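**Q** Any chance you can model this:
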Amino acid sequence: MSDSEQSPSDQLDQLFAAPGAAPVPPAPATPPIVLPDPQTGAPVPPAQQAAKQRIVRFQDLLEKLTPVVWVTPTLLVVNVAYFIVMVSQGVDFLQPEVPQLLEWGANYAPLTWNGQPWRLLSSFFIHFGILHLAVNMWSLWSVGRMLERMVGNIGYLIIYFASGIAGSVASLWWNGDVVSAGASGAIFGLLGAFATFIWNRADSFPPAALSQLRSSLAKCIGINLLFGAAIQGIDQAAHIGGLVCGLACGWLLSQPLDQFNVQRRFKKNLVTAAIALLTLGTMILQHPPPPPDLFMELAIYDQLVPQTINKFNEAAGKFNERKMTSQQMVELVRKEILPPWIQVREHIDKLANIPSGRRELIHQVRSQLLTREEAWKLMIDGLEHDDKQKFDEYKVKWKQAEHLREQLEPK
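**A** Here you go, the predicted model:
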C-alpha cells in the first residue's frame, strides 16, 4: 500500500473523530428544482408541483377507468334536438305556452296518473324556453363528464334516469296541479351522486382536488336549493326528489377508484338499478288520487261564459227595443241560457281533490256561476209576475256577477 493511500482504519478515524476534533463539513445540499408556471412564468413551489402532479395522475386514472365519455354528450344532444324539434313545430323558444308543453309530454298529474305515465320520462327532456335549456345543459356538461368517468357509463345512465324519474314523481306527489318539465331533477341527482361518492371515497381523490370539489358541490347544491325556494315557479319538489335519489345512487355505486374495482361495476349497477326500479315503481303504483284537470275544466268555463252572456245580451237588446216580448225573453233564458249554465256549475261543484293552491280560484268560479244563475232566475220571476222588486234584485245580482267575472279575468 502506498503512502498516498488511506487504510480502512484511517477512513473510520475520520468518520468518528475524537471529541473536540473539528467536524468534517457536510456536503452542500442540492437546492430543490423550482419549475415555472407554464401560464404565468412564475416559479411554482415543490409542494404545489407535487399537488399538480397528483391531480394529473388522478385524471389519467379516471381516463383509464372509463376511456370514453359518451353518455353526457349524447344526453346533451338529445335535449337540444328535442327543443329544436319543438320550436320547429311552432313552440315559442322563449316562453312556451302550457298547452304546448303538455302536448309535447310535460308532467301533469291529471294526465300522468290517468293513463300517460310516459310523461314521467319525457318531461325531463322538455324545457321552458331557451334560457332554461341553456342553464341545464351547462350544468349537465360541467358535472357530468367527471362523474361519468367515476361511476362508468352504465352507472351514470342509471343515476340520470332514476333521478329524473324520481324528480317527476316527487313533483306529482307534492304539487300535482303544476305542469313541470326540465332536466333539473336529473341534474340534481348527478350532483347528489357526486357528493356521496367523494364523501365515501375521499381517499381516492388528491387532497387539493377533494377540497375544491367539496366546496364547489356544496355551493352549487345550496345556491340552487335557495333559488328554488325563493323564486316562484321553480319546481323545488323535483329538485329535492332528484337530489335524494342521486345521493342514494351515489352511495350504492361508490367504490375505490382503481382498476381492480372497475370489474365490480356490473354488480353494483345491477343492484342500484334493481333498488331504483323497486322504490320508484312502488311510489308510482301507490300515487295519491290525481286532482281534476283544471286546464280542461276552466277551458269549458271560459268557452261557456262569453258565448252565453253574448247570447243573453243580444236578446236583452231586442227586448229593450220591444222586438221581443217578456214571455219570449223568459222562454229563451229558461230553455237556452240556464240549462248549459247550470250543467257547468253543477259539474264544477262536484270537483274533488282540488289542490290547496287552486281552491280559491275554483271558489271564485263557482261564485260567479251561481250568482249569474240566481240573477237570471230573479229576472224570470220579475218578468213572469211583473214584479219590479224581483227585477231590481236581478240587476243587483247581475252587477255582483260582473264584478266576480272581472276578478277572474286576469287569471
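
**Q** Would you mind splitting the chain into its domains for me?
**A** The chain breaks down by automatic domain parsing into domains covering 52-285, 294-408.

**Q** Mean neighbour count and mean pLDDT for those domains - can I get that in a markdown table?
**A** Backbone N, C-alpha and C define where each C-beta goes, glycine included. A markdown table is the format used below for those (neighbours: other CB atoms under 10 Å; pLDDT from 0 to 100):
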| stretch | mean neighbour count | mean pLDDT |
| --- | --- | --- |
| domain 52-285 | 18 | 90 |
| domain 294-408 | 15 | 88 |
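
**Q** which residues does residue 78 contact?
**A** residue 125 (CB atoms under 8 Å, 6 or more residues apart in numbering).

**Q** How far away from the center of its chain is whichever strand or helix holds it?
**A** Assigned by DSSP states H and E, residue 78 belongs to helix 71-88. Helix 71-88 has its C-alpha centroid displaced from the chain centroid by 17 Å (CA atoms, centre = their mean, to the nearest Å).

**Q** Grab the CA positions of that helix and hand them over as CSV.
**A** Extracted in CSV, the C-alpha atoms of helix 71-88 (Å, rounded to 0.1, in the frame of the first residue of the first chain):
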residue,chain,number,x,y,z
VAL,A,71,-73.4,9.4,-22.2
THR,A,72,-73.1,13.1,-21.2
PRO,A,73,-72.7,14.5,-24.8
THR,A,74,-75.5,12.1,-26.0
LEU,A,75,-77.9,13.4,-23.4
LEU,A,76,-76.9,17.0,-24.2
VAL,A,77,-77.6,16.4,-27.9
VAL,A,78,-80.9,14.7,-27.3
ASN,A,79,-82.1,17.6,-25.1
VAL,A,80,-81.1,20.2,-27.6
ALA,A,81,-82.5,18.2,-30.5
TYR,A,82,-85.9,17.8,-28.7
PHE,A,83,-86.1,21.5,-28.1
ILE,A,84,-85.2,22.3,-31.8
VAL,A,85,-88.0,19.9,-33.0
MET,A,86,-90.5,21.6,-30.6
VAL,A,87,-89.6,25.1,-31.8
SER,A,88,-89.7,23.9,-35.5
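
**Q** Name the next helix or strand following that helix along the chain.
**A** Sequence-wise, the next helix or strand downstream of helix 71-88 (DSSP H and E) is helix 98-104.

**Q** Residues contacting that next one, please?
**A** Helix 98-104 has contacts (CB under 8 Å, 6+ apart) with 86, 90-92, 106, 108, 111, 122, 126, 128, 179, 181, 295.

**Q** which among the residues you listed gets closest to residue 321?
**A** Closest approach between these and residue 321, by CB to CB: residue 295, at 40.0 Å.

**Q** okay if I get the contacts of helix 98-104 as JSON lines plus distance to residue 60?
**A** What follows is those, written out as JSON lines (distance: CB to CB, whole Å):
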{"residue": "86", "distance to residue 60": "41"}
{"residue": "90", "distance to residue 60": "49"}
{"residue": "91", "distance to residue 60": "44"}
{"residue": "92", "distance to residue 60": "46"}
{"residue": "106", "distance to residue 60": "43"}
{"residue": "108", "distance to residue 60": "47"}
{"residue": "111", "distance to residue 60": "49"}
{"residue": "122", "distance to residue 60": "39"}
{"residue": "126", "distance to residue 60": "38"}
{"residue": "128", "distance to residue 60": "40"}
{"residue": "179", "distance to residue 60": "46"}
{"residue": "181", "distance to residue 60": "39"}
{"residue": "295", "distance to residue 60": "54"}
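
**Q** for the residues you listed, which one is nearest residue 79?
**A** Residue 79 lies nearest to residue 126 out of these, by CB to CB, at 8.9 Å.

**Q** Name the nearest residue to that closest one, ignoring sequence neighbours.
**A** Among residues not flanking residue 126 along the chain, residue 181 sits closest, at 4.0 Å (CB to CB, 6 or more residues apart in numbering).

**Q** give me every residue that touches the one you found.
**A** With contact set as CB under 8 Å, 6+ apart, residue 181 has these partners: 101, 106-107, 123-124, 126-128.

**Q** quick one: it and residue 245, what's the gap?
**A** 18 Å (CB to CB, to the nearest Å).

**Q** Now for residue 134: which residues touch it?
**A** Per CB under 8 Å, 6+ apart, neighbours of residue 134: none.

**Q** And it, which helix or strand is it part of?
**A** Using DSSP H and E, residue 134 sits within helix 130-151.

**Q** Residues in contact with whichever strand or helix holds residue 279: which ones?
**A** Using DSSP H and E, residue 279 sits in helix 265-285. Outside helix 265-285, the residues that touch it by CB under 8 Å, 6+ apart are 117, 120, 151-152, 154-155, 158, 162, 165-166, 169, 173, 245, 248-249, 252-253, 255.

**Q** hmm, try it at 7 Å
**A** By CB atoms under 7 Å, 6 or more residues apart in numbering, the residues outside helix 265-285 that reach it are 117, 152, 154-155, 158, 162, 165-166, 169, 249, 252-253, 255.

**Q** now do stretch 336-347
**A** Contacts for stretch 336-347 (CB under 7 Å, 6+ apart): 300-301, 304, 308, 311-312, 366, 369-370, 373, 376.

**Q** can you rerun that using 6 Å?
**A** With CB atoms under 6 Å, 6 or more residues apart in numbering as the test, stretch 336-347 has contacts from 304, 308, 312, 369, 373, 376.

**Q** and if you look at stretch 189-206?
**A** Residues external to stretch 189-206 that are found in contact with it (CB under 6 Å, 6+ apart): 54-55, 58, 143, 147, 150, 159, 163, 210, 213, 217, 221, 242-243, 245-247, 249-251, 254, 256-257.

**Q** Contact partners for the spatially most central residue of the chain?
**A** Closest residue to the average C-alpha location of the chain: residue 184 at 3.3 Å, with CA atoms, centre = their mean. For residue 184, the contacting residues are residue 239, by CB under 6 Å, 6+ apart.

**Q** Please report phi then psi for it.
**A** The phi/psi pair for residue 184 (degrees, to the nearest 10) reads phi -60, psi -40.

**Q** From residue 136, how far out is it?
**A** Here the criterion is CB to CB. By it, residue 184 lies 6 Å from residue 136.

**Q** just residue 407 next, same as before
**A** Taking CB to CB, one finds residue 407 at 37 Å from residue 136.
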